[in-house]
Structure formats: structure tokens, C-alpha cells
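Enquirer: Kindly generate the corresponding structure for this input.
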Amino acid sequence: MNKTEEMLKFIDASDYQKSDAYNIRSNGKLVDRKVSPYINIETKNDKNGINVYIKDDTKFGIVHIPVIITKSGLKDVVYNDFYIGKNANVIILAGCGIHNDLHKDSEHDGIHRFFLSENAKVKYVEKHYGEGKGSGKKTLNPVTEIYMKPNSSMTIDSSQFKGVDDTLRVTKAYLDNNTTLTINEKIFTNNSQNAKSEFLVELNGENASTKITSRSIATEDSYQEFKSNIIGNNKCYAHVSCDAIIKDNGKVLAIPEIFAKNVDANLIHEASIGKIAGDQLIKLMTLGLSKKEAEEAIIKGFLK
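Expert: Numbering: from 1, shown residues only. Here you go, the predicted model:
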């Protein structure tokens, strides 16, 4: 198994070749693609990236779009647009893995736009990972834009594992009537890594709702920053929760902003930042675990 195959299995553990459609990108180039009668993938003509079309009434469609970088010094930028048809139900599995053993910086910037038609339902899973013994940085900057028509829903599960030196994660969403957006973000940083997340959600439609949960762990000398800007322009509901654990010299900054522009906008923001609770450590250590093993078990459970 070569390095590309190893990293593919890490960020996309399922057997993508048995799925409905996939687009595999490695070191800035398309290496494999599959389409189906109800899921089409086309290469953009004007810039790097793809257009993914999900037909109306597609049920339980699955699309894989992983990106792998194993070449040091490569900066890869892609612009991917997803058009989700009416009443479609689809799972999109994305993510990027960077392996860098040399001194030049490697970077992937993915700009993804989602256009959900009425009654469409999307689950988007994104995993980011970096590895390699070189001094070159491994940088990932995902941008996600979401446009939701009435009665559509979308769930985003986003995870960043070890090895990503720098990341700026930007998510923007615009919700129409009776739409639901759920985002679950998990981030781990160590060494001197930096991770920043920014959310802008406009609840424009009546009964639009969003729930954003960010769980993060900053260890050693790493730094994390969480910003959220929720705007309620109608009768709507939003709940934003930022929960972080800091260890060693880790630092976490949470910047909440909620703006109610309608008397029936119900917007909530909660933030909690602190160290691993002592009673949790003691409980696990009484079972025979060392302090280090207990800390690792708590961290693993926190990011599940």
C-alpha cells in the first residue's frame, strides 16, 4: 500500500470504490472518478475544481471527494460546487490528508459551495489530517458556503486530527423558511499549531434553525480561536456551543456574536473553556491507568 492509499484509508475509511460516485484528487490532479445515473461530477472549465449534481428525488446517494497531498511545496486550491436537487437525500464524504517529509510548506484550500433545493437533505462529513517528519508546514484552509431553500436540511460533521500546523476554517450559511443546519466541529492541536474557526449564519426564513457545536482540545503551545456570528432576521432559533479543553500551555479564544433583528428570534450562545477535571482523572486512575493514560482516554472520549 503506497502513501496515498494509506492516507485515503485514514480520512475515508469506507470502500469508496463501491459507492455511487467519487472523485479522487492527489497532488493537484484528478486520479480517479466515478459517476452514476443520478449523481454526476464534472470538471470545471474556468478554474480548478468540480461541479457535483445530485438529481431530484435521489435517495441515499453517496459521494466521496477526498484530496491527498504527498508532494512537499505544493499549494492546491479547488473550487467545488454541489447542486442538490429537490427531495434528494445524499451523503458527501470529503476531507484532506497531507504528508510532508521535507522542508517546503504544503497547503490545500478547498472552497465548497452547497446549493440545496426544496426538501433536500445533506450529510457532509469532512476529515483533515497531517503527518510527516519534515519541517515544512501542513496547512488546510476550508471554506464552506451553504444556501438553503425552504424545508431543506444539512448536517456537517467536521474533524481535524493531529498534524495540521495552520488552519482557517470559514463557514457561511444562508437559511430560508423551515430549514435546519446542524454543525458538529472537533479540533485537536498540539506543538505550536494554530487553528481558527469562523461561522456566519443568517437565519432569514421563518422557523429557520441552526445548532453549532464546537469541541476542541489545545495542548502544548498550540492556539485555537472560535468566532461565531449568528443573525436572526425572522422568527428563528439558534444554539451555539463552544466547549474546549486546554492542557500544558494551550490557549483558546472564543468570540461569540449574536444579533437578533426580529422579536421572535431566539438565539443562544454558550462557551466553556477549562482544563481536564481532576475528579475525572482520579476516577480513571483508580482503575489502574496512569495520569497520562487517563488524560488520553478523556481526550479521546471528548472528541468522539
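
Enquirer: and the spatially closest residue to His269 that is not a sequence neighbour, what does it touch?
Expert: Once flanking residues are discounted, His269 sits nearest to Pro256: 4.1 Å by CB to CB, 6 or more residues apart in numbering. C-beta here means a position set from N, CA and C on the backbone, and glycine is covered the same way. Contact analysis of Pro256 by CB atoms under 8 Å, 6 or more residues apart in numbering lists 228, 240, 242, 269, 271.

Enquirer: 7 Å instead?
Expert: Counting by CB atoms under 7 Å, 6 or more residues apart in numbering, Pro256 makes contact with 228, 240, 269, 271.

Enquirer: again, but for Ser117
Expert: 84-86, 149, 152.

Enquirer: So which of those are in strands?
Expert: Residues of the contacts of Ser117 located in strands (DSSP state E): Ile84.

Enquirer: how about the contacts of Ser117 in TSV, adding pLDDT?
Expert: Formatted as TSV, the contacts of Ser117 follow (pLDDT from 0 to 100):
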residue	pLDDT
Ile84	98
Gly85	98
Lys86	98
Lys149	98
Ser152	98
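
Enquirer: isn't there a helix covering Gln17?
Expert: Yes. Assessed with DSSP: H, G, I helix; E, B strand; the rest coil, Gln17 lies in a helix.

Enquirer: What separation is there between it and Asp32?
Expert: 8 Å (CB to CB, to the nearest Å).

Enquirer: Find the residues that touch each one of those two.
Expert: Among the neighbours of Gln17, none is also in contact with Asp32 (CB under 7 Å, 6+ apart).

Enquirer: one step back: report the secondary structure element holding the residue nearest to His269.
Expert: strand 251-260 (DSSP states H and E).

Enquirer: Show me what the helix or strand just after that strand is packed up against.
Expert: With elements assigned by DSSP H and E, the helix or strand that comes after strand 251-260 is strand 265-274. If you count contacts as 3 or more CB pairs under 7 Å, 6 or more residues apart in numbering; DSSP states H and E, strand 265-274 packs onto strand 223-232, strand 236-246, strand 251-260.
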